[in-house]
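Peer 1: I'd like to go over a predicted model; first the sequence, then the structure.
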Amino acid sequence: MWSCLAGFIEPGESLEEAVRRETWEETGIEVGEVVYHSSQPWPVGPNSMPCQLMVGFYAYAKSLELNVDKEELEDAEWHSREDVKKALAYAEYRKAQQTAASKVEQMCKGVEKGQNFSADFNVESGELATMFIPGPFAIAHHLISSWVYQDAGDNVAARLKQPSGSTSNL
């Protein structure tokens, strides 16, 4: 599954500083401008934490070379808008999203002590697209979709337009 980078804010750190630090720690990418996109409550946290607030940002890379910290991430790749758009439209992706959304709904209704749904979060049926993206229940889906369709809203729309001759990757 491909998603957005994520992490937790450290004491005394601003949201923007956390985005820069997490991006650097996980991928070795230095980030310049950080732009707020949206937020989302997440009702089920790790180790039975009651709730978290997910905050989504766009960040602009100063370099493109990835240096993945395998302690933090399994892998990281750059993907073109066109490839991500295809993944979002793939028929099997829709079925996979329904399965994942159903499991998230189960988690939101209450996880019994010691029960772990994360290992059971993959779809068992059929062949998946080469790229599987979190569904509309996750802020990552909305960040990725906004980037793909370049409809991030008035607050960041102008910043998402690339100067002529440049490439934009996720």
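Peer 2: All right, it came through fine. Predicted model, so just to flag it, every value in this text is computed and none were measured.
Peer 1: Strands of the chain, start to end?
Peer 2: Using DSSP state E, the strands of the chain run over 31-42, 52-61.
Peer 1: So, low pLDDT: which residues of the protein?
Peer 2: 1, 44-50, 90-97, 107-131, 151-170 (pLDDT under 70).
Peer 1: returning to that earlier point: which of the strands of the chain has the highest mean neighbour count?
Peer 2: Comparing these by mean neighbour count (mean count of other CB atoms under 10 Å), strand 52-61 ranks first with a mean of 16. C-beta: built from backbone N, CA, C; applies to glycine.
Peer 1: hmm, who's touching it?
Peer 2: Here strand 52-61 makes contact (CB atoms under 8 Å, 6 or more residues apart in numbering) with 4, 6, 15-16, 19-20, 23, 29-42, 45, 138-140, 142-143, 147, 152, 156, 159-160.
Peer 1: Then stretch 17-29?
Peer 2: Counting by CB under 8 Å, 6+ apart, 5-10, 13, 30-31, 34, 57, 59, 61-69, 72-73, 76 sit against stretch 17-29.
Peer 1: Now do the helices in the chain.
Peer 2: 15-27, 81-89, 91-109, 139-149, 157-160 (DSSP state H).
Peer 1: Reformat those into JSON lines and put distance to Leu53 and mean neighbour count next to each item.
Peer 2: Listed next are these as JSON lines, based on distance: least, CB to CB, whole Å; neighbours: other CB atoms under 10 Å:
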{"stretch": "helix 15-27", "distance to Leu53": "11", "mean neighbour count": "17"}
{"stretch": "helix 81-89", "distance to Leu53": "25", "mean neighbour count": "16"}
{"stretch": "helix 91-109", "distance to Leu53": "15", "mean neighbour count": "15"}
{"stretch": "helix 139-149", "distance to Leu53": "10", "mean neighbour count": "19"}
{"stretch": "helix 157-160", "distance to Leu53": "23", "mean neighbour count": "12"}
